[in-house]
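Enquirer: predicted structure and sequence below. I'll ask about it afterward.
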Amino acid sequence: MISNPFPSGITEPSGNALGRQTALGQNITFFNQSPKVAKQFRWSIGVQREFKGGLTVEAVYMGDRGYNIEMARNLNAQPLNTLNADNSRTVAQNTNNTNLSATVRSPFCNTVSGSACASGALYTGAGGTISRRQLLLPFPEFGTITTSNNDGTTIYHSAQFSINKRFSKGYGVQAAYTWSKWLQATEYLNAADPKPTKMISDQDIPHRFSMSSFFELPFGKGQTFFSHASRLADAVIGGWQIEGTFSYQSGFPCRLVHTAQRMEPLQGISSTLVVISLYPTVNRAWASGSTRLHSFPS
């Protein structure tokens with residue numbers, strides 16, 4: 001094997017010798033010759049109010065729209081008029097699927113022997129029979145014909161609220177909550193659909209809450225301890241803070257999975273993160289997660 005890694009020889013590329021028969025019976029992928037640059041448009045508006053005692057409250061709305069997003073497209077998809085549109089597994093749907101899967105004599109072979117092509121195959125690998133599903137494709141002599149387009153879009157809306165309180169003794173507390181909704185249309189529900197389907201983004205996090213606080217350690221000049229420290233000592237022991245952060249967010253959506261004619265529920269992972277930091281260096285952090293059910297909104 002080492003001395004002759006190709007014992008059956010190497011198949012030479014046919015180039016354009018086959019003319020229009022080139023790549024018949026194969027899957028084809030080609031580059032979109034007129035691609036567009038994906039774009040993002042973002043906008044926001046907010047209000048902020050400072051109250052007595054160092055209390056600050058803020059509310060912000062932010063939106064984002066993406067368009068001209070590149071996505072894959074199969075040009076040789078099953079036509080929609082050959083599919084059954086019933087919402088459940090009906091007798092009509094089963095019958096339609098059976099008819100599409102049934103085989104008939106292949107028009108890409110001159111002489112058929114059983115299910116094999118005895119002679120006159122239009123392309124290498126052509127059999128004596130072929131499924132009705134394949135013959136109903138726009139280009140039945142090929143497999144999938146994949147290219148790309150720029151029909152993908154996304155839309156994001158969020159409301160962000162925060163409250164910040166700074167105390168005079170060298171510590172402060174901040175809390176923030178974000179409600180958001182992220183929709184995307186970057187894939188086709190059926191390969192032959194004229195437009196991509198609009199759905200909840202796989203990166204959507206509807207709810208996120210975070211809370212943090214910091215405390216300045218009372219060491220160094222002007223502090224409770226070592227207030228008369230030298231400049232060198234103050235550079236080492238002064239200016240340190242301890243900060244703690246807690247965050248909780250709902251989980252990312254997961255796809256519906258069809259198993260044994262049963263639809264599994266949409267699930268996500270709700271995550272909780274607790275971080276304790278000692279600045280300017282990080283001390284340690286803990287993280288945990290839990291399962292939470294989610295569903296697509298209408």
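Expert: Here it is on my side, so go on.
Enquirer: show the contacting residues for P218.
Expert: G170, T224, F225 (CB atoms under 8 Å, 6 or more residues apart in numbering). Backbone N, C-alpha and C define where each C-beta goes, glycine included.
Enquirer: what's the burial count for the second one?
Expert: Counted with other CB atoms under 10 Å, the neighbours of T224 add up to 10.
Enquirer: check the last one too.
Expert: Using other CB under 10 Å, F225 has 10 other residues around it.
Enquirer: identify the residue spatially nearest to it, adjacent ones excluded.
Expert: The shortest distance from F225 to any non-neighbouring residue, by CB to CB, 6 or more residues apart in numbering, is to F219 (5.1 Å).
Enquirer: name the SS class of R133, please.
Expert: When classified by DSSP: H, G, I helix; E, B strand; the rest coil, R133 comes out as helix.
Enquirer: name the element the residue lying closest to it once chain neighbours are set aside belongs to?
Expert: Once flanking residues are discounted, R133 sits nearest to L100: 4.2 Å by CB to CB, 6+ apart. Assigned by DSSP states H and E, L100 belongs to helix 91-101.
Enquirer: can you pull the buried residues of that helix?
Expert: Buried residues in helix 91-101, counting neighbours by 16 or more other CB atoms under 10 Å, are found at N96, L100.
Enquirer: chain neighbours aside, what residue packs nearest to V173?
Expert: Nearest non-adjacent residue to V173 (CB to CB, 6+ apart): S213, at 4.5 Å.
Enquirer: can you tell me what sits against whichever strand or helix holds that neighbour?
Expert: In this structure, S213 sits in strand 207-216 according to DSSP H and E. Contacts to strand 207-216, defined as CB under 8 Å, 6+ apart, come from residues 170-180, 240-250.
Enquirer: then that strand to CSV, C-alphas only?
Expert: Only the C-alpha atoms of strand 207-216 are listed here, as CSV (Å, rounded to 0.1, in the frame of the first residue of the first chain):
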residue,chain,number,x,y,z
HIS,A,207,-34.0,37.3,30.0
ARG,A,208,-30.8,38.2,31.7
PHE,A,209,-30.2,39.5,35.2
SER,A,210,-26.9,40.5,36.6
MET,A,211,-25.8,42.1,39.9
SER,A,212,-22.4,43.2,41.0
SER,A,213,-20.8,45.0,43.9
PHE,A,214,-17.3,46.2,44.9
PHE,A,215,-15.5,47.0,48.1
GLU,A,216,-12.3,49.0,48.4
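Enquirer: who's in contact with the residue of the chain most remote from its centre?
Expert: Residue farthest from the centre of the chain, counting by CA atoms, centre = their mean, is H228 at 57.0 Å. Going by CB under 8 Å, 6+ apart, H228 touches K221.
Enquirer: what segments of the stretch 51-200 of the chain are strands?
Expert: Per DSSP state E, counting those that start in this stretch, the stretch 51-200 of the chain carries strands over the ranges 55-74, 103-105, 109-113, 116-121, 129-131, 145-166, 171-185, 199-200.
Enquirer: which other helices and strands does the last one contact?
Expert: If I follow you right, that is strand 199-200. Under the contact criterion of 3 or more CB pairs under 8 Å, 6 or more residues apart in numbering; DSSP states H and E, strand 199-200 touches strand 171-185.
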